[in-house]
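>>> output the structure for:
(one chain, ligands or ions: 1)
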Amino acid sequence: MPSAFRRTVRGMRDLLPDEAEKLRYIEMKTRQVARLHGYREVITPVVEHYELLAAKVGEENRKRMYVFKDFGGRMVALRPEFTASVARLVATKMRSFPKPLRLFSVGSLYRYDEPQFGRYREFWQANYELFGSKMPEADAEILELTDNLMKEIGLRNYFFKIGHVGVLRNILSREGVAENQQNSIMQLLDKKQQDDALNLAKNSGVSQTGLNTLRNLLEIRGNDPNKVIQRIAERVKNYSEAKEAIENLSEIIRLAEASGTDAKLVLDAGFARGLEYYTGMIFEIYVPQMDIALGGGGRYDRLIEVFGGGSIPAVGVAPGIDRLALALEQQGTVLHLGEKRKVLVIPVNRELLGEAFRVSSLLKKHGLPAEVEVMGRSVSKALSEADKRGISHAVILGPREVKEGKVVLRHLNKRRQETVDLSKLTESIT
Ligand code: HAM
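A predicted model of the protein is given here:
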């Protein structure tokens, strides 16, 4: 038999019921958080023009896209993220929608990443974007929302790594480094190749003073935001725009803390993200048990303009649903996935099948998951199989009981049974 019949494509996963249930549970929480914060859902296609998805995402991400020509000869790709699609909407169909505009999306994404722990070629994200405001309160809202989601799903000891691309970019601009060179330097920093990044800066014409400032900055990080901000501000005092960037970050942090955001903040002056569209605050979510980000986001004020939609500032975040599920697992968190009761209705003979369907339909009308025995098994066989399948209750229909308007209710997990009136059945299933 060809192995294609037996295996998924490398990097692609089947999610069996327990895993699918966990993923959908987290998805449900992301929807709850969207609703509470006023983010309305938009559904965009999985397949988009390559050109749209490739704009401003950075060389690394571009290389990892699933790209192909469709039968109409269009160069298309599977979406590697939501931001480009949502920004396209805001630049076009939703351009005149009143601001602020808060949009939510959730679904599967595709990146040709090297498969490893927490890294898949098909994965799931929830995505929140806030359009129209360039104020620090919008950034703070995104941090608060992210913090609320982490609390809501029961994650512990999470922290946000946070920075501001304006600090390094403004220094590089002042030193005359062109934007595409800046992008390459930021990509190297994202990959933690600091020496290479500094060499490239040097080769791009950055002065010795500039290089010293950059080198010093790359060493500044810590989990006392105010102290770190002071140190950065001290280093960049001769670069007025970099100074503005750090003041902006300071205000964002102040507002996020005031909003009740509990996440520990680790501020890192050399922090960069692979995506090229960021213009301001950037952040990622981590837990101590894992060294991969559980989510990431930041401000991108020029992407809508690139898509022809005028100047609409934006800030957003995308929590990774698969990685959140992994993090909960690593922390040993048991999810409360809802209804645990499941009822199997077993008629003692085939004549009572119609009655069995009536009883199971009554239970479902009361919101109880119920099924009729469909394997033609005897009562004892059906009961022992039900146990293996996690059924909590069995309702046994015999001719005498049915005539009297009664049924036998067996509590499988408690190993006891009782005869109850049909009219009292739903309340007896506890
Ligand atoms: P990103 O950092 O590329 O940002 O992805 C966000 C999250 O998606 C990651 O932190 C991770 O949890 C998850 N993720 C990414 N790649 C994989 C993978 N191969 N396997 C499993 N999970 C993965 C963005 O996508 C931006 N669009 C976020 C954003 C929204 N910025 C502004 N608005």
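>>> which SSE is Ser108 in?
strand 101-110 (DSSP states H and E).
>>> the helix or strand following that strand versus strand 101-110: what angle between them?
For strand 101-110, the following helix or strand on the C-terminal side (DSSP H and E) is strand 122-131. Strand 122-131 and strand 101-110 are oriented at 160 degrees to each other (axes from the mean of the first three to the mean of the last three Cα atoms, to 10 degrees).
>>> remind me what strand 122-131 packs against, helices and strands.
helix 17-37, helix 83-91, strand 101-110, helix 136-152, strand 314-319, helix 321-330 (3 or more Cβ pairs under 8 Å, 6 or more residues apart in numbering; DSSP states H and E). From N, CA and C alone the C-beta is placed, and that goes for glycine too.
>>> show me the helices in the stretch 251-400 of the chain, by range?
Ranges of helices in the stretch 251-400 of the chain, per DSSP state H, counting those that start in this stretch, are 303-306, 321-330, 353-365, 379-388, 399-403.
>>> now the longest one: buried residues?
Judged by neighbour count using 16 or more other Cβ atoms under 10 Å, the buried positions of helix 353-365 are Leu353, Glu355, Ala356, Val359, Ser360, Leu362, Leu363.
>>> of the residues you listed, closest to Ser250?
Leu363 (58.3 Å; Cβ to Cβ).
>>> list the buried ones in stretch 19-34?
Using 16+ other Cβ under 10 Å as the burial criterion, the residues of stretch 19-34 that qualify are Lys22, Leu23, Tyr25, Ile26, Glu27, Lys29, Thr30, Val33, Ala34.
>>> closest to Asn148 out of the residues you listed?
Using Cβ to Cβ, the buried residues of stretch 19-34 come closest to Asn148 at Val33, 5.7 Å.
>>> and the closest one, what does it touch?
If a contact means Cβ atoms under 8 Å, 6 or more residues apart in numbering, then Val33 has Leu145, Asn148, Leu149, Glu152 as its contacts.
>>> out of the residues you listed, who's nearest Arg40?
Once Cβ to Cβ is applied, the member of those that ends up nearest Arg40 is Leu145, at 13.9 Å.
>>> what's the distance between the nearest residue to that closest one once chain neighbours are set aside and the ligand?
Spatial nearest neighbour of Leu145, excluding adjacent residues (Cβ to Cβ, 6 or more residues apart in numbering): His37 at 5.0 Å. Look at His37 and the ligand: by Cβ to the nearest ligand atom, to the nearest Å, they are 14 Å apart.
>>> verify the stated contact: His37 with Arg102.
Yes - in this structure His37 lies within contact range of Arg102 using Cβ atoms under 8 Å: 7.0 Å.
>>> who touches both of these two?
Contact criterion Cβ under 8 Å, 6+ apart; residues shared by His37 and Arg102: Tyr128.
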